[in-house]
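J.: could you look at this predicted model? Sequence included:
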Amino acid sequence: MKESSLFRKWGIFHKGMDSKSLEFSFANHLEYSKSKDQYTATPRDLFYSLALATRDRMIEQWINTQQIYHRKKAKMVYYLSAEYLIGRALINNLINIGMYREAKAAMKNLNLDLLELAEEEPEPGLGNGGLGRLAACFLDSLATLEIPSFGYGIRYEFGIFRQELENLQQDEKPDAWLQFGNPWEIERPEYNYTVKFYGGTINTAWPDGALKTEWINTNNVIGIAYDMPVAGYDNDTVNTLRLWSSRASNEFDLDYFQDGDYIKAVQEKNISETISKVLYPDDSSFKGKELRLKQQYFFVSCSIQDILRRFMSDNYSFDMFPEKAAIQLNDTHPSLAITELMRILIDEHHLSWDKAWNITVNTCAYTNHTVLSEALEEWPVSMFGRLLPRHLEIIYEINRRFLRRASVLHIGDSDYLSEVSLIKEGKQKKVRMANLAIVGSHSVNGVSGMHTDLLKTRIFRLFEELYPDKIKNITNGITPRRWLLTCNPRLSELISEKIGTGWIKDLEQLGQIRELADDRSFQEEFTGVKQKNKLDLVDLTEELTGYDINPESIFDVQVKRIHEYKRQLLNIIHIISMWIESKENGRGLFHPRTFLFAGKAAPNYDMAKLIIELICRASSIINSDPEGLIKVVFLPNYNVTLAERIIPAAEISEQISTAGYEASGTGNMKLALNGALTVGTLDGANIEIAENVGKENIFIFGSTSAEIEKLASNYNPREYYLKNTLLKETIDLVAKDFFCKEDPGAFQPLVDDLLNVDRFKVLADFESYRECQRKVDKNYREKKSWARKAILNTAGMGALSSDNSIKGYNSKIWKATPLHITRPDPIESESGLPFEEKTIPDVPGTGKGNKD
């Protein structure tokens with residue numbers, strides 16, 4: 001970094017949007033926020049200073065956006081999600097506020113490299129899989145579409161975990177992403193809420209003599225707000241993601257400390273802060289289950305209290321609440337918002353049950369993301385009642401009234417009532433959170449056409465009979481700002497050269513490049529971009545794993561959470577079979593191929609962790625084959641940052657879940673958008689992808705959902721094993737410890753499950769998958785045809801943007817009015833802050849006003 005008077009100037013804050021102003025602001029933060037100069041600054045200091053300078057340019061519009069929402073009395077969309085997989089923010093924020101080139105120029109002028117600084121940013125540990133990434137895409141689209149909105153979640157201190165590979169097995173390490181601070185967040189200690197646990201209830205009376213229930217003798221925790229700005233693309237809207245961190249109501253007991261009991265002096269602090277420590281704590285024990293339930297209630301209680309505070313600052317009657325607030329529950333994790341809203345309205349604001357219920361139902365909406373019965377959360381009644389006694393009472397009353405209504409439609413049908421009840425009877429009674437979410441919401445939606453059909457006809461069939469208009473479809477989508485413009489700048493530039501930049505906010509404009517699909521020159525440019533991206537991934541793969549992969553091979557990618565239904569096991573079994581065939585029949589059988597895996601298995605999910613081990617052990621042997629036709633690589637610690645490097649280089653997208661089990665999937669969309677061809681089952685959004693890119697440009701295999709359901713009644717996996725010689729040879733190789741000589745029997749649980757259970761029909765679909773992969777191999781050798789198919793995949797993804805998804809939510813569910821935010825002409829107040837008016841408006845974090 002060159003000598004510059006910038007570092008010696010006292011200066012003032014420059015919020016200009018030009019490169020020179022950004023230089024001054026960067027230098028200012030380096031000196032006054034980090035107390036460093038060009039001699040002592042670390043790369044992390046330089047990143048932090050640039051992030052703060054970027055945030056400065058968002059804050060003025062952040063404040064202005066909230067002022068306009070307040071002044072216009074806008075209906076707000078409140079998006080509640082247990083996770084947000086937001087990824088690194090610096091480059092994305094610079095692009096969205098229109099300062100990427102200015103930042104690049106400013107850093108270059110200081111002899112710094114913008115992209116190198118961006119590599120210093122830790123990825124926020126706020127999410128794990130598709131659920132969290134979808135939530136992040138939705139926040140981006142809400143801001144870009146100028147829909148008044150607020151995201152709520154938990155500020156996890158350690159995220160889920162950092163995945164390392166030790167002895168070719170997954171090893172979980174703490175993800176200390178906050179170790180050096182987060183430059184994007186602003187703590188809001190003035191927005192703190194008491195969250196109660198345990199205790200009991202008593203009946204007292206309101207002043208008018210009406211019955212009142214009080215929740216007493218509770219253990220209390222404090223929720224503190226941390227806000228992050230969410231900038232829309234190419235507009236002046238900056239929305240808010242508010243995350244809650246847990247604190248003890250009494251952090252330090254001086255009496256215990258003075259008596260020498262130093263551990264007990266801080267015991268309450270330590271216990272309270274575990275709530276927001278880790279995303280999805282291991283729930284295989286009672287304490288783990290209780291902590292998960294605590295997390296969920298802590299998050300929704302803080303959020304509902306905050307939503308009501310914001311609403312009441314306008315002195316509205318509660319009758320107006322559904323007209324001013326839409327609460328979207330992202331899966332079942334936030335479904336306690338229904339009971340918490342009921343509790344506050346009834347117990348604290350003296351509303352009648354019927355009025356409170358009408359308000360709650362008309363405000364809340366629920367998105368379902370799974371068809372797996374084990375993922376539809378259920379909590380033991382005994383644990384639930386101990387932790388949240390008042391909420392269990394409310395659930396019982398909701399259930400009593402609901403079953404009374406249902407019994408009118410099904411007189412004397414106890415089996416029907418048992419199925420729809422909010423309480424699952426049995427040896428251990430359980431609270432069904434999905435049933436609560438359905439009954440307590442005015443809208444329920446699936447996330448792909450097939451998924452929604454399954455909800456209506458199978459999973460929630462009985463609720464569909466009760467509420468025929470409640471369940472609707474809104475297919476998931478992805479933001480093109482992150483998943484093309486940011487992660488694949490080469491392809492973005494090529495597309496913009498041909499059709500302009502309108503596609504960035506209207507992805508359906510990508511359809512214009514269909515006309516270029518047969519243009520040989522464009523095909524060469526398109527495949528040239530892919531090849532450069534592949535070379536980048538070759539370097540990264542060697543850096544992360546030590547493996548040298550062939551850039552001329554087919555890059556075949558399966559990157560997603562490791563789960564049996566996603567069938568990474570089918571993939572690796574097929575890879576081993578390919579390797580066997582290549583050894584037996586020679587090199588000419590297949591085009592060279594590199595199989596890339598990435599994804600995390602839940603710490604207590606032994607079968608998924610065993611699948612990772614099989615992939616890694618198989619790769620260590622296959623990759624040592626001197627013929628080198630096939631390579632297998634498992635890239636550790638999959639996250640958004642790694643996805644942004646893998647996806648632009650992918651040529652094959654493995655979307656091979658058992659039909660009927662994947663609700664939607666969004667990884668399939670990201671890969672197709674970047675020109676990868678899908679190998680997939682007729683499951684989730686694969687169906688919509690096929691419809692949009694053309695069935696001839698996607699490789700479909702395997703049993704349909706209906707066929708899978710029919711198979712389930714008399715399925716014998718051994719029949720498939722015995723009648724398929726290659727499959728038998730492959731499984732026998734695994735069973736005979738070929739891949740685990742030093743740990744005999746390690747993979748026997750996988751083999752036993754495949755041959756005796758095979759819940760997800762790996763063996764049933766193996767031969768169809770093998771034939772499909774032969775087609776892939778043949779098609780790839782026809783370079784012009786492959787390039788055409790890849791271009792048509794990119795061109796056809798316009799309908800599957802998160803902007804379209806959000807438009808669907810807003811038109812079908814929220815009905816919020818978009819508000820165009822205009823940048824005010826600043827008038828300097830006496831304090832030096834820019835305000836649109838001379839009177840002090842409501843400014844977040846200043847205490848001057850009730851709403852932020």
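T.: That came through, no problem.
J.: where does this structure dip in pLDDT?
T.: Across the chain, the ranges flagged by pLDDT under 70 are 1-14, 251-270, 272, 587, 825-852.
J.: hang on, residue 215 in a strand?
T.: Yes - when classified by DSSP: H, G, I helix; E, B strand; the rest coil, residue 215 is found to be part of a strand.
J.: quick check, it in contact with residue 346.
T.: No - contact criterion C-beta atoms under 8 Å: residue 215 and residue 346 do not qualify, at 11.5 Å. (Each C-beta comes from the backbone N, C-alpha and C, glycine too.)
J.: pull the CA atoms of the host helix or strand of residue 445 into PDB?
T.: Using DSSP states H and E, residue 445 maps to strand 443-446. As requested, C-alpha coordinates have been extracted for strand 443-446 and formatted as PDB (Å, rounded to 0.1, in the frame of the first residue of the first chain):
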ATOM      1  CA  SER A 443     -52.200 -19.400   4.200                       C
ATOM      2  CA  VAL A 444     -50.000 -22.500   3.800                       C
ATOM      3  CA  ASN A 445     -47.800 -22.900   0.800                       C
ATOM      4  CA  GLY A 446     -45.600 -25.500  -0.800                       C
END
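J.: which secondary structure elements does that strand contact?
T.: Secondary-structure packing of strand 443-446 (3 or more C-beta pairs under 8 Å, 6 or more residues apart in numbering; DSSP states H and E): strand 364-367, helix 449-454, strand 471-473.
J.: make it 10 Å
T.: Identification of packing neighbours for strand 443-446 by 3 or more C-beta pairs under 10 Å, 6 or more residues apart in numbering; DSSP states H and E yields strand 325-330, strand 364-367, helix 433-439, helix 449-454, strand 471-473, helix 802-809.
J.: hey, what's the angle from the longest one to strand 325-330? Just curious.
T.: In this case it means helix 802-809. When axes from the mean of the first three to the mean of the last three C-alpha atoms, to 10 degrees is applied, the directions of helix 802-809 and strand 325-330 differ by 120 degrees.
J.: and for residue 113, nearest residue in space, chain neighbours not counted?
T.: Among residues not flanking residue 113 along the chain, residue 107 sits closest, at 6.5 Å (C-beta to C-beta, 6 or more residues apart in numbering).
J.: surely residue 286 is in contact with residue 383?
T.: Yes - counting by C-beta atoms under 10 Å, residue 286 touches residue 383, with 7.1 Å between them.
J.: pick out whichever of the two has more residues nearby.
T.: residue 383 (16 against 11; other C-beta atoms under 10 Å).
J.: just checking, the more buried one touches residue 293?
T.: Yes - the pair residue 383 and residue 293 passes the contact test of C-beta under 10 Å, sitting 7.0 Å apart.
J.: shared neighbours, those two?
T.: Common contact partners of residue 383 and residue 293 (C-beta atoms under 10 Å, 6 or more residues apart in numbering): residue 431.
J.: number of residues surrounding the residue nearest to residue 113?
T.: Residue 107 has 23 neighbours, counted by other C-beta under 10 Å.
J.: pretty sure it sits in a helix.
T.: Yes - Residue 107: assigned to a helix according to three-state DSSP.
J.: next one: it from residue 121, what distance?
T.: 14 Å (C-beta to C-beta, to the nearest Å).
J.: cool, and residue 104?
T.: 16 Å.
J.: repeat for residue 290
T.: Counting by C-beta to C-beta - residue 290 and residue 121 are separated by 34 Å.
J.: same deal with residue 546?
T.: Going from residue 546 to residue 121 by C-beta to C-beta gives 25 Å.
J.: more neighbours: which of these two?
T.: Set residue 546 next to residue 121 and count neighbours by other C-beta under 10 Å: residue 121 wins out with 22 against 9.
J.: where do the strands of the stretch 601-750 of the chain begin and end?
T.: Under the criterion DSSP state E, counting those that start in this stretch, the stretch 601-750 of the chain contains strands at 630-634, 652-655, 677-680, 699-700.
J.: please apply the same query to the stretch 301-450 of the chain.
T.: 325-330, 364-367, 378-380, 423-424, 430-432, 443-446.
J.: tell me the strands beside the last one, with direction?
T.: Each strand that pairs with strand 443-446, with its direction, by DSSP bridges: strand 364-367 (parallel), strand 471-473 (parallel).
J.: with the first one instead?
T.: Sheet pairing of strand 325-330 (DSSP bridges) gives strand 76-80 (parallel), strand 364-367 (parallel).
J.: next secondary structure after the longest one?
T.: Toward the C-terminus, strand 76-80 is succeeded by helix 90-96 as the next helix or strand (DSSP H and E).
J.: can you name every helix or strand that that following helix contacts?
T.: Packed against helix 90-96 by the contact rule (3+ C-beta pairs under 10 Å, 6+ apart) you find helix 43-71, helix 100-109, helix 114-118, helix 130-144, strand 219-231, helix 489-499, helix 640-646.
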